[in-house]
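Colleague: The amino acid sequence is not available; the structure is as follows:
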């Protein structure tokens, strides 16, 4: 989990620390400095910078120094102590040396879970869940937020989340739908870093509304996957998630586009997304509207026939159908800053065994809206995103982030086959 930057190449960081009264030895703590926590060679702000612990890094205290410090960060006063960590040498390294960090930016695991730091380290690591709806063998419809896509399954007893009563060679009435008891619920949520005090934020994109529910009020259930077990029913044959049948009846239609986040704070914002409605444009207009000096790609199948444009605020989106032998093979999306004509990001979308190109909505065409392609600033204090260009028959779709990193958020969906 921990990530370290610009450390001397001879050292491997032992994540071991110790603090005084408020922090106990051998217990795990986490870094909550948004921009990372500086490692120094002396217990002082004047000490030489050795490296940095990233936000969310896991640490344990080796010893305290008795050197206290009070700082101000965004009008908040933080008091802490310089504590030491050890960079243990490898066989070819220099002798062991002690380094120091400020304890004011450390919190316990309980505080880390409560403050939701595990899911805020990087935007691409944001845990966004799909909703899952299917009919069980009684004819009833079950609507879940599936969590098992992220669950760390092992054979160790501390990992087990399903009672033995629902395992082995048993009948599968109701697809073995059952509510986890308090012990299994506590174990499962604990390993998922989900607190009973967290909220479930459901963003209905189609209606541009956010619904909020408390984790502690929602049943956590297990249900056999639609594909069932091969032989004896095992733990992994279950999907586990929150059953929102009752709470979502007023706010959800499962044919609509829905995203869910579980945590302390709502990451979504309304009023910022637009549905993608494309206009077909001339190929030459496309070529002249872009500054190609910073392009890191080449256009395939040049010259092109089908180029489409969508504009929002200062961005122009160019969607290119890549056709070969009269067959649509791929789509290339190029997003450009209109004022500078600079390419902000580009993405290739290809059909495969588990994915297909979604139909697009063309302005003025005699067709209904595809209803599933959106772009804009869906997340607070974050770059715009785009999604819905690909359909997925299995596997989980992605939300593409419009930035130079060209990174993506993979939806947690447990769409296993």
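Modeller: Okay, I see it. Computed from a prediction, not measured in an experiment: that's the story for all the values here.
Colleague: Which stretches in this protein count as helices?
Modeller: Using DSSP state H, the helices of the chain run over 109-114, 182-191, 283-288.
Colleague: how near is the residue nearest to the spatial centre of the chain to residue 154?
Modeller: The residue lying closest to the centre of the chain (CA atoms, centre = their mean) is residue 126, at 2.4 Å. Residue 126 sits 25 Å away from residue 154, going by CB to CB, to the nearest Å. C-beta coordinates here come from the backbone N, C-alpha and C atoms, glycine included.
Colleague: Ok, residue 67 next?
Modeller: Residue 67 is 41 Å from residue 154, by CB to CB.
Colleague: try residue 147
Modeller: From residue 147 to residue 154 the distance is 16 Å (CB to CB).
Colleague: These two: which is more packed in?
Modeller: residue 147 (22 against 11; other CB atoms under 10 Å).
Colleague: who's the residue nearest to that one when sequence neighbours are not counted bridged to?
Modeller: Of all residues not flanking residue 147 in the chain, residue 241 sits nearest, at 4.9 Å (CB to CB, 6 or more residues apart in numbering). Here residue 241 sits in beta bridges with residue 146, residue 221, going by DSSP bridges.
Colleague: Am I right that residue 241 is in contact with residue 221?
Modeller: Yes: with contact defined as CB atoms under 8 Å, residue 241 counts as touching residue 221 (6.9 Å).
Colleague: joint contacts of these two?
Modeller: The contact sets of residue 241 and residue 221 overlap at residue 144 (CB atoms under 8 Å, 6 or more residues apart in numbering).
Colleague: So for the two, which sits in the more crowded spot?
Modeller: Neighbours per residue, other CB under 10 Å: of residue 241 and residue 221, the larger number sits with residue 241, 27 against 19.
Colleague: Quick check: the gap between that one and residue 180.
Modeller: Distance from residue 241 to residue 180, by CB to CB: 10 Å.
Colleague: intersection of neighbour lists for the two?
Modeller: 220, 221.
Colleague: hmm, back to that, for the nearest residue to the residue nearest to the centre of the chain once chain neighbours are set aside, what are its contacts?
Modeller: Sequence neighbours aside, residue 409 is the residue nearest to residue 126 in space, at 5.5 Å (criterion: CB to CB, 6+ apart). For residue 409, the contact set (CB under 8 Å, 6+ apart) comprises 123, 124, 126, 128, 385, 398, 399, 401.
Colleague: Show me just the buried residues among the residues you listed.
Modeller: 123, 126, 128, 385, 398, 399, 401 (16 or more other CB atoms under 10 Å).
Colleague: of these, closest to residue 276?
Modeller: residue 385 (11.9 Å; CB to CB).
Colleague: Verify the stated contact: the closest one with residue 400.
Modeller: Yes: between residue 385 and residue 400 there is a contact under CB under 8 Å: 6.3 Å.
Colleague: rewinding a little: which of the buried ones among the contacts of residue 409 scores worst on pLDDT?
Modeller: Looking at pLDDT alone, those dip lowest at residue 123, where the score is 73.
Colleague: so how far is residue 39 from that residue?
Modeller: Distance from residue 123 to residue 39, by CB to CB: 25 Å.
Colleague: Kindly report the same for residue 165.
Modeller: 50 Å.
Colleague: Looking only at neighbour counts, state which of these two leads.
Modeller: residue 39 (23 against 9).
Colleague: for the more buried one, what are its contacts?
Modeller: With CB under 8 Å, 6+ apart, residue 39 has these contacts: 4, 7, 49, 50, 51, 52, 53, 85, 99, 100, 101.
Colleague: Which one of these is nearest to residue 210?
Modeller: Of all the contacts of residue 39, residue 210 sits closest to residue 53, with 33.3 Å by CB to CB.
Colleague: Please name the nearest non-neighbouring residue to that closest one.
Modeller: Using CB to CB, 6+ apart, the closest residue to residue 53 is residue 37 (4.5 Å).
Colleague: now residue 340
Modeller: Residue 340's closest residue in space is residue 291 (CB to CB, 6+ apart), at 6.8 Å.
Colleague: about what we covered before: and the pLDDT at the residue nearest to residue 53?
Modeller: For residue 37, the model assigns a pLDDT of 88.
Colleague: and residue 381, how far is that from residue 31?
Modeller: Counting by CB to CB - residue 381 and residue 31 are separated by 20 Å.
Colleague: For these two, indicate the residue with more neighbours.
Modeller: Neighbours were counted for residue 381 and for residue 31 using other CB under 10 Å; residue 31 has more, 23 against 8.
Colleague: Can you pull out the low-pLDDT segments for the stretch 301-417 of the chain?
Modeller: 301-305, 366-371, 416-417 (pLDDT under 70).
Colleague: any idea how far residue 372 is from residue 276?
Modeller: 9 Å.
Colleague: Likewise for residue 213?
Modeller: Plainly put, residue 213 is 30 Å away from residue 276 if you go by CB to CB.
Colleague: These two - which one has more neighbours?
Modeller: Neighbour count, other CB under 10 Å: between residue 213 and residue 276, residue 276 has more, with 24 against 19.
Colleague: Once you drop chain neighbours, what's closest to that one?
Modeller: Nearest non-adjacent residue to residue 276 (CB to CB, 6+ apart): residue 373, at 4.1 Å.
Colleague: per-domain residue ranges of this protein.
Modeller: For the chain, the structural domains run 4-111, 124-263, 273-410, going by automatic domain parsing.
Colleague: returning to that earlier point: hey, what's the residue nearest to residue 126 bridged with?
Modeller: residue 399.
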